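1. my questions are about this predicted structure, shown below with the sequence.
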Amino acid sequence: MNTQDIIHYLKTHPDFFTQHPNLLETLTLHHPHKGVISLVEAQLMQQRRQIGTLTSQLEKLHQLAIQESDIFFALMPLQKKLFQAQDFLSAERKIDQWAKSYELEGAKILLFTDSWEKEEKLSAQYWIDRNAFEIIRLERLGLRQFYLGDLSNKEKSLMFLPEEFPIGSVACCLLGTKNTHKPTALLLFRSRDTQRFHHGQDVSFLKHLVDIVDIHLERWLIKKEGKI
């Protein structure tokens, strides 16, 4: 039995701890700053972090509403839908639908295989190998978080399915870079118009969008140990 087996078992048996309440009190975890803590305390700490993060995001949205109302009102419908999404697949569909409402061909999220725990319901099309992407990152992004423009057919084939072609231009956004230079996922938008996305475009809208998506990713997925 490995870590993934345990995760799968607990996910498919949500009443496990209800049937074994004493286990919650006896299980302990090592915390880098607090030493040994109980599983209940760890869960409360995680919930506090999530509440703090969501509160911070609401404050950002409030400031955005004051300073850049056009971006705020464009993002609010998506923010509402993401709050309602119960899992990654549901959220990705909502992002794709939202992108299409802006006359794009679609949007998607690709997860780096070394950042997140595998889930059975997420097939290979939702994952990308970091080493394979590194060539694109060096060539197109460098130290930037966003790339807007065209890609070679080889680059497109790494990130898009055959049925998503033809692709004229893309917006490639790195997710999970707030506290590290190592992204955890990619947010991709595609258009058949070769000039829809191009070098030199303002990325203010994308920056706010990435902040929103970033917050929700950890609600839907489990980071690998050591990647938190």
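-> Nice, thanks for sending it over. Not measured: the values here are computed from a predicted model.
2. gap between stretch 169-182 and the chain center?
-> 10 Å (Cα atoms, centre = their mean, to the nearest Å).
3. between the two ends of it, how far is it?
-> 24 Å (Cα to Cα, to the nearest Å).
4. any buried residues in that stretch, and which?
-> For stretch 169-182, burial by neighbour count (16 or more other Cβ atoms under 10 Å) applies to 169-176. For every residue, glycine as well, the C-beta is placed using N, CA and C.
5. same question, stretch 89-102
-> Counting neighbours by 16+ other Cβ under 10 Å, stretch 89-102 gives 91-92, 94-96, 98-99 as buried.
6. need these in a markdown table (columns: distance to residue 132).
-> Below are the buried residues of stretch 89-102 laid out as a markdown table (distance: Cβ to Cβ, whole Å):
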| residue | distance to residue 132 |
| --- | --- |
| 91 | 24 |
| 92 | 20 |
| 94 | 27 |
| 95 | 23 |
| 96 | 23 |
| 98 | 28 |
| 99 | 24 |
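7. among those residues, which are in strands?
-> Residues of the buried residues of stretch 89-102 located in strands (DSSP state E): none.
8. counting neighbours, what do you get for residue 223?
-> By other Cβ atoms under 10 Å, the residues close to residue 223 number 14.
9. could you give the bridge partners of it?
-> Assessed by DSSP bridges, residue 223 has beta-bridge partners residue 116.
10. coming back round to it: for the buried residues of stretch 169-182, give me JSON lines that also has pLDDT, secondary structure and distance to residue 184.
-> JSON lines is the format used below for the buried residues of stretch 169-182 (pLDDT from 0 to 100; DSSP: H, G, I helix; E, B strand; the rest coil; distance: Cβ to Cβ, whole Å):
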{"residue": "169", "pLDDT": "97", "secondary structure": "strand", "distance to residue 184": "24"}
{"residue": "170", "pLDDT": "98", "secondary structure": "strand", "distance to residue 184": "19"}
{"residue": "171", "pLDDT": "97", "secondary structure": "strand", "distance to residue 184": "18"}
{"residue": "172", "pLDDT": "98", "secondary structure": "strand", "distance to residue 184": "14"}
{"residue": "173", "pLDDT": "97", "secondary structure": "strand", "distance to residue 184": "12"}
{"residue": "174", "pLDDT": "97", "secondary structure": "strand", "distance to residue 184": "9"}
{"residue": "175", "pLDDT": "96", "secondary structure": "strand", "distance to residue 184": "6"}
{"residue": "176", "pLDDT": "92", "secondary structure": "coil", "distance to residue 184": "3"}
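11. between those, which is nearest residue 156?
-> residue 170 (7.7 Å; Cβ to Cβ).
12. tell me the contacts of the closest one?
-> Applying Cβ atoms under 8 Å, 6 or more residues apart in numbering to residue 170 gives the contacts 147-151, 156, 188-191, 197.
13. excluding chain neighbours, what is closest to it?
-> residue 190 (5.2 Å; Cβ to Cβ, 6 or more residues apart in numbering).
14. could I get the phi/psi values of that neighbour?
-> The phi/psi pair for residue 190 (degrees, to the nearest 10) reads phi -130, psi 150.
15. report the separation between residue 161 and residue 110.
-> Residue 161 sits 11 Å away from residue 110, going by Cβ to Cβ, to the nearest Å.
16. now for the residue nearest to residue 170: which residues touch it?
-> Contacts of residue 190 (Cβ under 8 Å, 6+ apart): 104-107, 160, 164, 167, 169-170.
17. if we go to 7 Å?
-> The neighbours of residue 190, taking Cβ atoms under 7 Å, 6 or more residues apart in numbering as the test, are 104-106, 160, 164, 167, 170.
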